[in-house]
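Asks: Turn this into a model:
(one chain, ligands or ions: 1)
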Amino acid sequence: MLMRQKSQPKNEQGAESTGSYPRTRMRRLRQKSWIREMVAEHSLSVSDLVWPVFITEGKNQREYIKSMPGVERRSTDLTIEALKKAHGNGVQAVALFPVVPDKYKTMDGREAFNPDNLMCRAVQEIKNALPDMGIITDVALDPYTTHGHDGLVEDDKILNDETVEILCRQAVVQARAGADIIAPSDMMDGRIGAIRDSLESESFTDTMILSYAAKYASSFYGPFREAVGSGAFLKGDKKTYQMNPANADEALLEVALDIKEGADMVMIKPGLPYLDVLHKVKETFKIPTFAYQVSGEYAMLKAAAEYGCLDYEHTLMETMIAFKRAGADGIFTYAAPEIAKTLQEKSAKG
Ligand code: PBG
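Replies: Model prediction:
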């Protein structure tokens with residue numbers, strides 16, 4: 001009994017802040033939906049969501065992605081249609097990932113900084129059609145290289161500083177096309193500072209940077225690589241630049257460096273398996289912190305649901321609140337339109 005009292009939580013004055021049974025019954029606050037919601041510590045809002053989409057060349061094109069049921073590659077016109085619908089349900093931001101035709105892939109990924117590339121055209125068209133939608137663009141070379149790496153390769157080594165120079169040019173053409181947020185996902189050292197300087201010197205002083213600061217070398221990216229068509233090209237793995245899943249302290253160092261270099265926001269990726277990292281980062285730095293529920297996480301939910309193992313919608317919503325509880329300000333999720341609809345139906349019911 002004494003032991004138990006000793007371990008009770010203390011409030012700021014050091015007094016015990018909990019009572020004991022039966023005066024304290026934890027279930028009193030769980031009796032009805034209204035009271036559960038009234039005392040809820042966290043909530044999810046549609047404005048927390050970012051929808052990642054895959055864009056292809058052409059018009060009226062729509063392709064199914066085998067490993068991501070319910071997700072499609074779409075040409076820009078169909079992407080705009082889908083975005084209008086999602087925006088109508090409250091989704092306010094989109095993250096664009098281009099599916100680059102093989103003929104534009106090179107060793108050095110120079111298509112990345114072609115101001116007329118698929119990404120830049122899509123940004124312009126989406127901005128025109130939906131001026132209130134936030135547009136986030138991916139900065140990395142993997143969709144544009146014949147080897148599928150995020151940087152330049154020489155003798156099987158990923159070159160850092162040479163890659164950063166290209167990333168700066170890529171960021172500037174995206175900003176010029178109208179991107180609101182530049183999101184480097186490449187994990188080269190020093191790229192945030194270099195990109196910030198390039199944007200400043202080209203007068204893109206208001207263009208925001210969301211750094212994929214703690215991005216792990218994860219097998220959960222498998223379906224994404226199928227979606228953008230980089231998987232078949234990828235030689236080797238990304239372990240010399242993406243983080244080791246065994247490390248958490250290192251993520252704090254990555255984030256600290258990126259903040260110093262001028263990141264406005266940071267990302268932890270993947271999502272659910274790395275909630276501890278997300279929590280530590282948010283607690284330590286108190287800056288806008290994002291989680292990415294990546295392709296493999298989405299695929300697991302979909303596959304388990306299709307197999308009859310779990311209820312998709314409820315499990316999905318539980319993952320969302322788990323991100324919020326861990327400290328996420330925003331969440332990238334392929335399910336953003338479905339979640340927006342669920343939230344809307346919930347608020348309509350009252
Ligand atoms: C590559 C990139 C990846 C993802 C976003 N940008 C994959 C990778 O690093 O190989 C993964 C997203 C997902 O799995 O949903 N720059």
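
Asks: how about the helix or strand hosting Leu301, does it reach the ligand?
Replies: Applying DSSP states H and E as the criterion places Leu301 in helix 295-306. Yes: Helix 295-306 is in contact with the ligand by Cβ under 6 Å from any ligand atom, via Ser295. C-beta coordinates here come from the backbone N, C-alpha and C atoms, glycine included.

Asks: ditto for stretch 53-63
Replies: No: applying Cβ under 6 Å from any ligand atom, one finds stretch 53-63 separated from the ligand by no less than 9.9 Å.

Asks: Just the CA atoms of that stretch, as PDB, please.
Replies: Below are the C-alpha coordinates for stretch 53-63, written out as PDB (Å, rounded to 0.1, in the frame of the first residue of the first chain):
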ATOM      1  CA  VAL A  53      -0.400  12.800 -54.500                       C
ATOM      2  CA  PHE A  54       1.400  11.200 -57.500                       C
ATOM      3  CA  ILE A  55       1.200  13.100 -60.800                       C
ATOM      4  CA  THR A  56       1.900  11.800 -64.300                       C
ATOM      5  CA  GLU A  57       2.300  13.400 -67.700                       C
ATOM      6  CA  GLY A  58      -0.600  13.700 -70.100                       C
ATOM      7  CA  LYS A  59      -4.300  14.400 -69.900                       C
ATOM      8  CA  ASN A  60      -7.100  12.300 -68.500                       C
ATOM      9  CA  GLN A  61      -4.600   9.700 -67.300                       C
ATOM     10  CA  ARG A  62      -5.300   7.600 -64.200                       C
ATOM     11  CA  GLU A  63      -3.300   4.500 -63.100                       C
END
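
Asks: got the buried residues for that stretch?
Replies: Using 16 or more other Cβ atoms under 10 Å as the test for burial, stretch 53-63 gives Val53, Phe54, Ile55, Thr56, Gln61.

Asks: can you check stretch 304-323 too?
Replies: By neighbour count with 16+ other Cβ under 10 Å, stretch 304-323 contains the buried residues Ala305, Leu316, Met317, Thr319, Met320, Ala322, Phe323.

Asks: and Lys239, that one's in a strand?
Replies: No: Lys239: not assigned to a strand; according to DSSP: H, G, I helix; E, B strand; the rest coil it is coil.

Asks: What is the burial count for Asp155?
Replies: When neighbours are defined as other Cβ atoms under 10 Å, Asp155 has 5 of them.

Asks: can you check Glu16 too?
Replies: Neighbourhood size, Glu16 [other Cβ under 10 Å]: 13.

Asks: Ala251 now?
Replies: Neighbour number of Ala251 under other Cβ under 10 Å is 23.

Asks: my guess is it contacts Leu278, does it?
Replies: No: with contact defined as Cβ atoms under 8 Å, Ala251 does not reach Leu278; the gap is 9.0 Å.

Asks: Now do the strands in the protein.
Replies: Using DSSP state E, the strands assigned to the chain run over residues 49-56, 62-64, 72-75, 93-98, 134-139, 152-154, 157-159, 181-184, 208-215, 265-269, 289-293, 330-333.

Asks: Just put those strands in TSV and tack on mean pLDDT.
Replies: TSV is the format used below for these (pLDDT from 0 to 100):
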stretch	mean pLDDT
strand 49-56	98
strand 62-64	96
strand 72-75	98
strand 93-98	98
strand 134-139	98
strand 152-154	97
strand 157-159	97
strand 181-184	98
strand 208-215	98
strand 265-269	98
strand 289-293	98
strand 330-333	98
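
Asks: For Thr240, find the nearest of these.
Replies: Of all the strands of the chain, it is strand 157-159 that lies closest to Thr240, at 5.7 Å by Cβ to Cβ.

Asks: quick check, that closest one touching the ligand?
Replies: No: against the ligand, strand 157-159 shows no contacts by Cβ under 6 Å from any ligand atom, the least distance being 12.1 Å.

Asks: Check which helices and strands that strand sits against.
Replies: If you count contacts as 3 or more Cβ pairs under 8 Å, 6 or more residues apart in numbering; DSSP states H and E, strand 157-159 packs onto strand 152-154.

Asks: Run through who's touching the strand it packs on.
Replies: For strand 152-154, the external contacting residues (Cβ atoms under 8 Å, 6 or more residues apart in numbering) are Met107, Asp108, Gly109, Leu141, Thr145, His147, Ile158, Leu159, Glu162, Thr163, Ile166, Lys235.

Asks: Could you dump those into TSV and include distance to Lys346?
Replies: Shown next, in TSV, are the contacts of strand 152-154 (distance: Cβ to Cβ, whole Å):
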residue	distance to Lys346
Met107	50
Asp108	49
Gly109	43
Leu141	41
Thr145	43
His147	46
Ile158	45
Leu159	49
Glu162	50
Thr163	44
Ile166	45
Lys235	46
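
Asks: Need the worst-confidence member of those.
Replies: In terms of pLDDT, Lys235 ranks lowest among those, with 87.

Asks: for that one, what are its contacts?
Replies: Applying Cβ under 8 Å, 6+ apart to Lys235 gives the contacts His147, Gly148, His149, Val153.

Asks: Find the pair from these with maximum spatial separation.
Replies: Gly148 and Val153 (9.6 Å).

Asks: and the residue of the stretch 51-200 of the chain at minimum distance from the ligand, what pLDDT?
Replies: Closest residue of the stretch 51-200 of the chain to the ligand, Cβ to the nearest ligand atom: Ala140 (3.5 Å). Looking at Ala140, its pLDDT reads 98.

Asks: follow-up on the earlier one: for the helix holding Leu301, packing partners?
Replies: helix 222-228, helix 312-326.
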